[in-house]
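> Provided below for reference: sequence and predicted model.
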Amino acid sequence: MFLQIAVLLGLALICCVLEYKGIIWHNSIFAMEYEIKGLDVSHYQGDVEWKSVAETEKYQFVYMKATEGNDFTDDTFMQNWEGAKENGFLTGAYHFFSARSTGEQQADHFISVVPKEAASLPPVIDIEIALTHDPAIIEQELMTMSEKLEQTYNKKPVLYVTYDTFNKYIAGGFEGYDIWIRDIVKFPTLKGKQNWLLWQYSNRGRVVGFDAYVDIYAFKGNQADFDFKFKGKAIL
């Protein structure tokens, strides 16, 4: 009995170490049913060998950090944008929303950095702010930013959320918006009628071409759904 317990504890310890190092990830089991996978990168990943990433043939699209607040620009954005496109990835940019400046100021900053390209993914507003703000004010600033981005890029932005920010600031007020949910523990569920389109299921992915961990996410749908949603065409 003691030997069996020791073996089980040993196996559990090995699994924990492998997961911590990103070699395995338990959420990958829940994400297996989704065939379309993507990556999320920023300056934290350093220089990316996009050719090597493409050769894995595991990922179809990439979102990369472009801006934050009304004045920060990720210094790897353009090299990631061009490098990913050159290697066949569908690319999109995201903005890290701040409560310290207006939605219009943040939209202007994003627009000054991110190219307007018809073939790119919809812009993303990353909402990971503290939960101490007035929801009405945050909703107003987010709506202002979103509407300006949609007018510029002709695509309704996607909203990246945690459960906390979704429940506090988004639920019930942004019907019709696609949701990108972060849940690195289990299969995602959202309250109310809204559902998710993108799911970040890992924050410690080990991917060839990266020297650092990288976020991995799944698209809710099959290849035909993905092509219709993001490429404006259906597979015949």
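Cool, got the structure. Note that the structure is a prediction, hence the values are computed from the model and not measured.
> low-confidence ranges in this structure?
Scanning the chain for pLDDT under 70 picks out 1-28, 233-236.
> before we move on, what SS does the most centrally placed residue in it have?
Nearest to the geometric centre of the chain sits D40, at 5.4 Å (C-alpha atoms, centre = their mean). Classification of D40 by DSSP: H, G, I helix; E, B strand; the rest coil places it in strand.
> nearest residue to it other than its sequence neighbours?
Distance criterion C-beta to C-beta, 6 or more residues apart in numbering; nearest residue to D40, sequence neighbours excluded, is D215 at 3.9 Å. For the C-beta atoms, the positions are set from N, CA and C on the backbone; glycine is no exception.
> May I have the phi/psi pair for that neighbour?
Backbone geometry at D215, expressed as degrees, to the nearest 10, gives phi -70, psi 140.
> from now on call the first residue 468
Happy to do that; since the first residue is 468 now, the last one works out to D682.
> what sits against the closest residue to E535 other than its chain neighbours?
With C-beta to C-beta, 6+ apart as the criterion, E535 has its nearest non-adjacent residue at 3.9 Å, and that residue is F563. Shown in contact with F563 (C-beta atoms under 8 Å, 6 or more residues apart in numbering): 532, 534-536, 539, 593, 595.
> Now for W666, how many residues are close by?
One way to gauge burial is a neighbour count; for W666, by other C-beta atoms under 10 Å, it gives 23.
> Could you do A603 as well?
10.
> Surely it is in a helix?
Yes - counting by three-state DSSP, A603 falls inside a helix.
> what residues are up against G555?
By C-beta under 8 Å, 6+ apart, the neighbours of G555 are A521.
> ok, now which ones touch the residue nearest to D507?
Contacts for D682 were tallied using C-beta under 8 Å, 6+ apart; they are 506-508, 667, 669-670, 672.
> Could you turn the buried ones of the contacts of F563 into a PyMOL selection?
To isolate the buried subset of those in PyMOL, counting by 16 or more other C-beta atoms under 10 Å, use the following:
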select buried, resi 532+534+535+593
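> just the contacts of F563 now: which is nearest Q618?
Distances from Q618 to these, taken as C-beta to C-beta, are shortest for T534 (17.3 Å).
> any idea which helix or strand carries that closest one?
Taking DSSP states H and E as the definition, T534 sits inside strand 528-535.
> Tell me the helix or strand right after that strand.
Toward the C-terminus, strand 528-535 is succeeded by strand 539-540 as the next helix or strand (DSSP H and E).
> would you say T619 is within a helix?
Yes - remark: T619 belongs to a helix, assigned using three-state DSSP.
> from memory it sits against K583, does it?
Yes - applying C-beta atoms under 8 Å as the test, T619 and K583 come out as touching, 6.4 Å apart.
> Neighbour count: those two, which is higher?
T619 (15 against 9).
> show me what contacts that one?
Residues in contact with T619 (C-beta under 8 Å, 6+ apart) are 574, 578, 583.
> quick check, distance from the longest strand seen in the chain to the centre of its chain.
In the chain, assigned by DSSP state E, the strand with the most residues is strand 663-672. Centre-to-centre, strand 663-672 and its host chain are 7 Å apart (C-alpha atoms, centre = their mean, to the nearest Å).
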